[in-house]
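Student: Attaching a predicted model along with its sequence, questions to come.
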Amino acid sequence: MIRFENVGMRYGPEPEVLHDLSFTLKPGSFHFLTGPSGAGKSSLLKLLYLAHRPSRGIITMFDNDIAGLARDDLPGLRRRIGVVFQEFRLINHLTAIENVALPLRIAGVPERQVRSHVEELLTWVGLGERLNARPSVLSGGEKQRVAIARAVIAKPDLLLADEPTGNVDPVMARRLMYLFVELNKIGTTLLIASHDTGLIRQFDQPCMELKGGTLVLHPDGLP
Amino acid sequence: MSRRRRPAPLLELGRDTSGRSLPGVVAVMVALAVLAMAGALMLDSAGGDWQAIGEDRLLVQIDAIPGTPTAPRLEAALAQLRATPGVASAQAMPQSGIANLLRPWLGDAALLQDLPLPGVIEVRLQSNAAVDRRALAVGLEAAVAGARVDDPRAWLAQLSAVSESLRALGFAVVAAIALATIAMIVFATNAGLGNHHETIAVLHTIGARDQFIAAQFQWHILALALRGAIVGLALAALVAFAVARTAGDLQATLLPPMRLSPTDWAGIVAIPVISVVLAALTARLTVMRALRREV
């Protein structure tokens, strides 16, 4: 489903930040991605959510060689990917419900269906009373949950999450992780980036560890 | 149950300061373009009329000579003209008409009555007749004392040349205004792209197509330009009305009235419409071009 072969990545003329990454994410798999700050987790995620092209190597996503895709082909692939950003990236002038509805509106889902689906999901993540609140009045944890709801509302084939539980209390963290596990059970491929080794060890899942731009795979979980 | 409302626009373009002045600027641009186009089209139409007049008319003036009555010389000139092959008609202009022509320059009607006014004959030539104007003038001036034949073709040709230049200038002004409007829309759109870069990046990540983002700018700019165009058209109509009233009397006495054909009117009314479409299209193409430079 997703395959990296000797992938390198650089920003402009700068030295490579990722070197010779090779791995496969099979459909329905669940991986963690960890590593110290600056190891390249966010850069790898950028490659995965198609915000950046590799400087070398081959990336195959959903049976498409990314290098051979035209710009117009990318939105269709991006709609199959949900992303939870570490800094949330909510749109400040939109309410919680409007932020979460974005992927559905962009995909052209009828407005009536959008409303009911989004309300249901926001209620499930404990924001049923905050539907019309803008990000400026939401707490860090609430913003995190809105960001997660936005990432999963369209039932993506691939879900990427960058420190998704970093701003919520332990109870909500477990609840959100439970949501991810449930999505994984219904076939969503999952890659969660976290430096919280305690959280990673709670789940018996393969872990990719980035060190200085290179990847070490732990198929049986973080040792 | 939460309160339902219309979804907010995905890009908050209405808050951009670069777009706030857009309706005002478009209004001025449209007003100038409409006036320039109207002027150019009227000159185009009038130039044709003036040429046509020159082709079949002559003006004969019988100068006042002290001690020699004008009336018999006028009659003699009329008789000679009417007998000339190719002349369709020769009509003496009444003294009141001559006084009316002179009034804008000399003013007081009482003063005019004391002046020795010349006799004026308007000659119309048959449309297909090859009249030797030079021979006609020489013959008439020799036969009738104080007679002078004025061939209007010379000065009408000069007038037409001037009107031709002004017409070209009018169209050039319209083109310059269009280019200035395009430049302004490109600037405002690029500023908007910069202001909303982060939101656009999020929309792209979620799967928005460039066309979707371009449409947000396109409709926003269209709405602003539409407001400006309506105001600009109204402004141009007011100015045109004022100018028409001022110029009306002058036109009636000197030259055939300058007028616009239904096609000309359609062209003028099309300017605000074209401006709005041009603004929206420019915004769209600017966004599409800028986004193509990204991943």
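Tutor: The structure has been received and is ready for your questions.

Student: where does chain B dip in pLDDT?
Tutor: Counting by pLDDT under 70, the low-confidence segments of chain B come to B:1-7, B:47-52, B:107-113, B:247-258, B:295.

Student: Quick check, the residue in it closest to chain A?
Tutor: Nearest residue of chain B to chain A: residue B:207, at 3.5 Å (Cβ to the nearest Cβ). Yep, even glycine has a C-beta here, placed from its N, CA and C like the rest.

Student: Can you list phi and psi of that residue for me?
Tutor: Main-chain dihedrals, residue B:207, degrees, to the nearest 10: phi 110, psi 10.

Student: and what of residue A:7?
Tutor: phi -80, psi 130.

Student: In the chain, which residue is most central in space?
Tutor: You didn't say which chain, so I picked chain A. Nearest to the mean C-alpha position of chain A, counting by Cα atoms, centre = their mean, stands residue A:160 at 1.8 Å.

Student: Correction: the question concerned chain B.
Tutor: For chain B, the residue nearest the mean C-alpha position is residue B:39 (1.2 Å; Cα atoms, centre = their mean).

Student: what bridges to residue A:192?
Tutor: Beta-bridge pairing for residue A:192 (DSSP bridges): residue A:32, residue A:161.

Student: and it, how many neighbours?
Tutor: Residues lying near residue A:192 (other Cβ atoms under 10 Å in any protein chain shown) number 26.

Student: Indicate each strand paired with the helix or strand harbouring residue A:82 and its parallel or antiparallel sense.
Tutor: Assessed by DSSP states H and E, residue A:82 sits inside strand A:81-84. According to DSSP bridges, strand A:81-84 forms sheet pairs with strand A:158-162 (parallel).

Student: Could you list the residues in contact with the strand it pairs with?
Tutor: For strand A:158-162, the surrounding residues in contact (Cβ atoms under 8 Å, 6 or more residues apart in numbering or on different chains) are A:1-2, A:25, A:41-42, A:45, A:48-49, A:61, A:80-86, A:148, A:151-152, A:180, A:183, A:188-193.

Student: For residue B:233, grab the count of nearby residues.
Tutor: The local packing of residue B:233 (other Cβ under 10 Å) involves 21 other residues.

Student: need the contact list for residue 206.
Tutor: All of this refers to chain A. By Cβ under 8 Å, 6+ apart, residue A:206 lies in contact with A:29-32, A:217-221.

Student: if you could check chain B rather than the one you did, that'd help
Tutor: Neighbour list for residue B:206: A:78-79, A:102-103, A:106, A:150 [criterion: Cβ under 8 Å, 6+ apart].

Student: In three-state terms, how would residue A:21 be classified?
Tutor: Under DSSP: H, G, I helix; E, B strand; the rest coil, residue A:21 falls in the strand class.

Student: That one against residue A:33, yeah?
Tutor: No. Using Cβ atoms under 8 Å, residue A:21 makes no contact with residue A:33, being 11.1 Å away.

Student: Spell out which residues are contacts of both of these two.
Tutor: Residues touching both residue A:21 and residue A:33 by Cβ under 8 Å, 6+ apart: residue A:44.

Student: sorry, back to before: now narrow the contacts of residue B:206 to whatever sits close to chain B.
Tutor: Contacts with chain B within these, as defined by Cβ under 8 Å from any Cβ of the partner chain: A:78-79, A:102-103, A:106, A:150.

Student: Which of those fall in helices?
Tutor: Those of those mapping onto helices are A:78, A:102-103, A:106, A:150, per DSSP state H.

Student: who wins for neighbours among these?
Tutor: residue A:150 (30 neighbours).

Student: if I pick that one, what's in contact with it?
Tutor: So residue A:150 contacts A:82, A:90, A:99-100, A:102-103, B:206 (Cβ under 8 Å, 6+ apart).

Student: what does the stretch 51-200 of chain B put close to chain A?
Tutor: Within the stretch 51-200 of chain B, the positions near chain A by Cβ under 8 Å from any Cβ are B:198-199.

Student: can you map out the strands along the stretch 51-200 of chain B?
Tutor: Listed in chain order, the strands of the stretch 51-200 of chain B (DSSP state E, counting those that start in this stretch) span B:57-62, B:87-92, B:119-125, B:147-150.

Student: In which helix or strand does the nearest residue to residue A:165 once chain neighbours are set aside reside?
Tutor: Nearest non-adjacent residue to residue A:165, counting by Cβ to Cβ, 6 or more residues apart in numbering or on different chains: residue A:173, 3.8 Å away. Assigned by DSSP H and E, residue A:173 belongs to helix A:170-185.

Student: Between the strands of the stretch 51-200 of chain B, which one is closest to residue A:139.
Tutor: Evaluated with Cβ to Cβ, the strands of the stretch 51-200 of chain B place strand B:57-62 nearest to residue A:139, the distance being 89.0 Å.

Student: Before I go, just wanted to say thanks for your time.
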